[in-house]
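*Asks:* Quick one: sequence and predicted model below, then my questions.
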Amino acid sequence: MQLHPGNSSLQIKRAKIYLALGETQKAMRMLDSLSESNEYELMLLKAEALVKSGRNKEAELICNAIIENEVEDVDN
């Protein structure tokens, strides 16, 4: 990470590791530090971290946004 601090792929992988280890708060901080984007994988990880934190309503909003993006992609 120190060699490539701005590499979002590495940050996403690190967040996945934190989630797998049950370190949800660290994963959320990592995910929140990434730019607000509609990147599919990032949104799914945020939803997972929110569910593990008991923030189900927020996770549901993200999942709904993912579905809306998918519908738009199919329509285009």
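*Replies:* Arrived safely, thanks for sending.

*Asks:* which residues touch Cys63?
*Replies:* Ala47 (Cβ atoms under 8 Å, 6 or more residues apart in numbering). Bear in mind the C-beta positions are built from the backbone N, C-alpha and C, glycine included.

*Asks:* please renumber so the chain begins at 20
*Replies:* Yep, numbering from 20; the last one is Cys82 now.

*Asks:* ok, now how distant is it from Tyr59?
*Replies:* Cys82 sits 12 Å away from Tyr59, going by Cβ to Cβ, to the nearest Å.

*Asks:* got it, and Leu50?
*Replies:* From Leu50 to Tyr59 the distance is 13 Å (Cβ to Cβ).

*Asks:* which one of the two has more residues nearby?
*Replies:* Between Leu50 and Tyr59, counting by other Cβ atoms under 10 Å, Leu50 is the more crowded of the two (22 against 12).

*Asks:* could you list every residue that touches that one?
*Replies:* By Cβ under 8 Å, 6+ apart, the contact set of Leu50 is Ile31, Ala34, Leu61, Leu64, Lys65, Ala68.
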